[in-house]
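In: Output the structure for:
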Amino acid sequence: QVQLAESGGGLVQAGGSLRLSCAASGSIFSINAMGWYRQAPGKQRELVATISSSGSTNYADSVKGRFTISRDNAKNTVYLQMNSLKPEDTARYYCNADLRVYSGSYYYTGGYWGQGTQVTVSS
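Out: Residues are numbered from 1 along each chain as shown. Below you'll find the predicted structure:
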């Protein structure tokens, strides 16, 4: 069984910072890209940032210069440092990972999602 467990969300004032973490655990053979997505009430889930296995990053225009994605491959963990937060950043943030997992002698590749962590930015 594979799990992605997010942590670090909370309530913060505008201009503040938060750091999200997402740890992958279970029968994982390898991890390719990892990323963060968010979904605000009444809106579609949108990409925030992604990071490849080699460390290449990609950001949504709305967070460029404020958010930084990083990963610790030894810990199977991806982070999202969020600075200069704005009320419009309020959303539930979801971790996503492209995993190669195993079950006995069988291997599978697919995308996995965490349960999400709530980020609320007050004005």
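
In: List phi and psi for Asn73.
Out: phi -70, psi -30 (degrees, to the nearest 10).

In: Contacts only, for it.
Out: Contact partners of Asn73, counting by CB atoms under 8 Å, 6 or more residues apart in numbering, are 31, 53. Any C-beta I mention is one placed from the backbone N, CA and C, and that applies to glycine too.

In: again with Tyr94
Out: Counted by CB under 8 Å, 6+ apart, Tyr94 has contacts 6, 36-39, 45, 113-116.

In: in the worst-scoring helix or strand of the chain on mean pLDDT, what's buried?
Out: Lowest on mean pLDDT, DSSP states H and E among the helices and strands of the chain sits strand 106-113, with a mean of 94. By neighbour count with 16 or more other CB atoms under 10 Å, strand 106-113 contains the buried residues Tyr112.

In: Check stretch 73-81 too.
Out: 76-80.

In: Surely Ser123 and Gly16 touch.
Out: No. When contacts are counted by CB atoms under 8 Å, Ser123 is not listed as touching Gly16 (11.5 Å).

In: the more surrounded of the two?
Out: Looking at Ser123 and Gly16 with other CB atoms under 10 Å, you find the greater number of neighbours at Gly16, namely 14 against 9.

In: Pull out the buried residues from the contacts of Tyr94.
Out: Buried by 16+ other CB under 10 Å: 6, 36-38, 114, 116, out of the contacts of Tyr94.

In: Spatially nearest residue to Thr109, not counting backbone neighbours?
Out: Sequence neighbours aside, Arg100 is the residue nearest to Thr109 in space, at 4.8 Å (criterion: CB to CB, 6 or more residues apart in numbering).

In: State the distance from that neighbour to Leu20.
Out: According to CB to CB, to the nearest Å, Arg100 and Leu20 sit 24 Å apart.

In: Where does Thr50 fall, secondary structure wise?
Out: strand 46-51 (DSSP states H and E).

In: counting contacts, what elements does that strand pack onto?
Out: strand 28-39, strand 57-59, strand 67-72, strand 77-82 (3 or more CB pairs under 8 Å, 6 or more residues apart in numbering; DSSP states H and E).

In: now with 6 Å?
Out: Here strand 46-51 touches strand 28-39, strand 57-59, strand 67-72, going by 3 or more CB pairs under 6 Å, 6 or more residues apart in numbering; DSSP states H and E.
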